[in-house]
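Enquirer: Build me a structure from this.
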Amino acid sequence: MTKRTRVKKDNNVKIVYDTWLGVMCALVAAKNQILIVGRGAGKTTNYIAERSMLINKEMPSAYFFFLCDTYVNALDNIIPSLLEGWRRKGYKEGVDYVTDAPPPAHFLQPYKQPLSYKHTISTRFGNFYKIGSADVPQSLAGNSYQHGFIDESRNINDLPIRKIMPALRGFPIISNSVFYRGITAATDMPNIAEGDFDWVLNHEKNMDVQQIKDSLNVGIKLNNIRLQIYNAIRDKDLNAIKRLEKQLIRWTERHLRVRKNSTLFYQASALTNVGILSPGYFQDQLELLGPEEFKSAVLTFKPTIKKGEKFYSTLGDHHFYDDGILPGYYDKYKIGDAVEASSLALKYIKHNEPIDAGVDFGNMCSMLLGQEQGNYVYILKNLFTLAPEHTKELALQFTDFFKHHKKKVLNMYYDRSGNQNAAVKKDYATELAGFIEEKGWKVNLMNKNQATIFQEEEFNLMKHFFGGYNNNLPRIMIDKFGCTEYRSSLGLAKTKMSKHRRTGSTMIQKDKSSEKLPTHQLPMFSTNMSDAGKYFFFRPKWVKETRQRGLLRLGAPTTG
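Expert: Next up is the predicted model:
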């Protein structure tokens, strides 16, 4: 850990210990601070918490927005982590901040009266934080803000960012602050192959390296002056205190000038926090994540997958939507509440229509859920279980999430191996259907007696689907946040070429080696969930449109 000094107007100087990256950020104190840091480095509890405390004092009575990827993640994880960081650094609830409530009488007031205190934080400096999420774009509408905080930006499309940036305005009294109209963002390294958004990387070109070096040098000079003040106060040297106070004023003004319109963009691994995490953490993460994920998630190496290697080669950002949550649905929850996931929150679901499911069985059971609606197929949610959990637990996840659905009919398309033990009535498809029907649902097994779906057939079908080559095929729209594992599985799936064992011709296949990963890595890094999508989409009416060999020996749908 590295130490730096902090001084207040009454010369109450104290020593503060932090990581070297935390010290650098504090000494530079740029208008915009963009950090790409490895998992475990303390993005929220350390870097965002420390910087927000500085900005709270620098911009009293200002409005701030705090943008997260989803409301569930904001209320369950990110904001509680921010508040934990504040408490570690000395803030006390009810004394320095309150949540979801009007500020007490001893707090300064924000520069304008808030209309609501739902999902907000108020500080004793009069700051007003409005919490919003990318899956509810309207959550930050209708206000002006003087600074913005963005956590896990890799999960957030740049569209809501572009929409909210014009709202950084107002309250001209504090416009002389360096942080006025700035942003603070922290994230893991974006992985485009998994469907992450990398707009945050564009901020690197906005950094004037020499300006940041100058800001750091002046910040170091200021820190040394504060340290001398600390020693002078300890020694009761009044002459030195007066002399150093003049230097402090002079160098503070210089620091203010050099930091104007500055951007700090920095990329660092989680090793910046090795003093807290210990070497054993990194060994555990390597074993847990595997080498490739470890390099990007912990060491912040930029992952890449060549376009020619992608199995779903025509998949694009336009196939994902990020506004799938009804505005106001989460208003009944407070910060830190356990949020109950429910289909009632889904914006694009038709509650009076059946639900379709694609299911893949195995060590990881994957279920992809959606509805065909006119010219569109909306993929609403994905669910999964990992061994030793299996069909019973998967059925419970489904019935819990959709318990308020009005038309309790499920059309299930599934791996034909789900019927492989049908003769002894122990097949997985019938077993899963039975567990679901115990909760009052009717389940239609849609592909009894289905032939093997070859990987080259899936490649061709999904190339047409995602490519938009055929107007008779519906457009695919996937909930970015409700189908995180499906999005990752699609993005990471690679092709491999093999020879037909009889004809010797070259065939396109899906590289399934990822399904041999450790069990805990399967949801995000294997092709399992994409296979559930294969069964969802490989239907006779759609296969016919792409002129494939099609489904052989396809029987009539049956109830489970």
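
Enquirer: I'd like to know how many residues surround Trp251.
Expert: Neighbour count of Trp251, defined by other CB atoms under 10 Å: 18. Yep, even glycine has a C-beta here, placed from its N, CA and C like the rest.

Enquirer: nearest spatial neighbour of it, skipping sequence neighbours?
Expert: Distances taken as CB to CB, 6 or more residues apart in numbering place Leu222 nearest to Trp251, at 5.0 Å, with adjacent residues excluded.

Enquirer: Using the three-state scheme, assign that neighbour.
Expert: In the three-state summary, Leu222 is assigned as helix, counting by DSSP: H, G, I helix; E, B strand; the rest coil.

Enquirer: what's the neighbour count on it?
Expert: 22.

Enquirer: Next: His318.
Expert: Using other CB under 10 Å, His318 has 11 other residues around it.

Enquirer: Tell me if I am right that it is in a helix.
Expert: Yes - under three-state DSSP, His318 falls within a helix.

Enquirer: about what we covered before: for the residue nearest to Trp251, what are its contacts?
Expert: Residues near Leu222 by CB atoms under 8 Å, 6 or more residues apart in numbering: Leu27, Leu248, Trp251, Thr252, His255.

Enquirer: got a winner among these for most neighbours?
Expert: Result: His255 is most packed of the contacts of Leu222 (other CB under 10 Å), 20 neighbours.

Enquirer: OK, contacts around that residue?
Expert: Neighbours of His255 in contact, by CB under 8 Å, 6+ apart: Ala29, Ser215, Val218, Gly219, Leu222.

Enquirer: try 10 Å
Expert: Going by CB atoms under 10 Å, 6 or more residues apart in numbering, His255 touches Leu27, Val28, Ala29, Val178, Asp214, Ser215, Asn217, Val218, Gly219, Lys221, Leu222.

Enquirer: what do you get for Glu309?
Expert: Ala193, Ala493, Lys494, Thr495, Lys496, Asp511.

Enquirer: do Cys365 as well
Expert: Going by CB under 10 Å, 6+ apart, Cys365 touches 359, 383-387, 389-391, 393-395, 397, 415, 418, 428, 432, 528, 532.

Enquirer: Narrow the residues you listed to those in helices?
Expert: When DSSP state H is applied, those are split such that Thr391, Glu393, Leu394, Ala395, Gln397, Tyr428, Leu432, Asn528, Ala532 fall in helices.

Enquirer: Can you pick out the most distant pair from these?
Expert: Maximum pairwise distance in the ones in helices among the contacts of Cys365, criterion CB to CB, is 17.8 Å, between Ala395 and Asn528.

Enquirer: farthest pair in the contacts of Leu222?
Expert: For those, the maximum inter-member distance is 14.6 Å, found between Leu27 and Leu248 (CB to CB).

Enquirer: Kindly export stretch 519-526 (C-alpha atoms) in PDB.
Expert: Provided in PDB are the C-alpha atoms of stretch 519-526 (Å, rounded to 0.1, in the frame of the first residue of the first chain):
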ATOM      1  CA  THR A 519     -18.500 -27.200 -14.600                       C
ATOM      2  CA  HIS A 520     -18.700 -23.700 -13.100                       C
ATOM      3  CA  GLN A 521     -17.300 -22.200 -16.400                       C
ATOM      4  CA  LEU A 522     -19.900 -23.800 -18.700                       C
ATOM      5  CA  PRO A 523     -22.700 -21.200 -18.500                       C
ATOM      6  CA  MET A 524     -20.600 -18.300 -19.800                       C
ATOM      7  CA  PHE A 525     -17.800 -20.000 -21.800                       C
ATOM      8  CA  SER A 526     -19.300 -23.100 -23.400                       C
END
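
Enquirer: low-confidence ranges in the stretch 1-150 of the chain?
Expert: When residues are selected by pLDDT under 70, those of the stretch 1-150 of the chain lie in 1-16.

Enquirer: remind me which residues of this protein are low pLDDT?
Expert: In the chain, residues with pLDDT under 70: 1-16, 192-195, 292, 303-308, 416-426, 499-506, 547-560.

Enquirer: From the centre of it, point out the most distant residue.
Expert: In the chain, the residue that sits farthest from the middle, by CA atoms, centre = their mean, is Asn239; the gap is 53.6 Å.

Enquirer: So what does that one have for phi and psi?
Expert: phi -60, psi -40 (degrees, to the nearest 10).

Enquirer: which residues touch it?
Expert: So Asn239 contacts Ala232 (CB under 10 Å, 6+ apart).

Enquirer: Hmm, Ser139 and Gly328 touching each other?
Expert: Yes - using CB atoms under 10 Å, Gly328 is in contact with Ser139, at 9.0 Å.

Enquirer: more neighbours, the two?
Expert: Using other CB under 10 Å as the criterion, Gly328 and Ser139 rank with Ser139 on top: 25 against 11.

Enquirer: Distance-wise, check that one relative to Gln146.
Expert: Distance of Ser139 to Gln146, computed by CB to CB, to the nearest Å: 18 Å.

Enquirer: Kindly report the same for Gly90.
Expert: 23 Å.

Enquirer: go on, Leu27?
Expert: Counting by CB to CB, the gap from Leu27 to Gln146 is 23 Å.

Enquirer: likewise Lys512?
Expert: Counting by CB to CB, the gap from Lys512 to Gln146 is 51 Å.

Enquirer: between these two, who's got more neighbours?
Expert: Neighbours were counted for Lys512 and for Gln146 using other CB under 10 Å; Gln146 has more, 27 against 15.

Enquirer: ok, now how distant is that one from Phe107?
Expert: Counting by CB to CB, the gap from Gln146 to Phe107 is 17 Å.

Enquirer: Kindly report the same for Gly467.
Expert: As judged by CB to CB, Gly467 and Phe107 stand 56 Å apart.

Enquirer: ditto for Ala297
Expert: Here Ala297 is placed at a distance of 39 Å from Phe107 (CB to CB).

Enquirer: Angles on the backbone of the closest residue to His390 other than its chain neighbours, please.
Expert: Nearest residue to His390, sequence neighbours excluded (CB to CB, 6+ apart): Cys365, at 6.0 Å. The phi and psi values for Cys365, taken as degrees, to the nearest 10, are phi -90, psi 120.

Enquirer: For Cys365, list each beta-bridge partner.
Expert: Per DSSP bridges, the residues bridged to Cys365 are Thr385.

Enquirer: separation between it and Gln450?
Expert: For Cys365 relative to Gln450 (CB to CB), the value is 18 Å.
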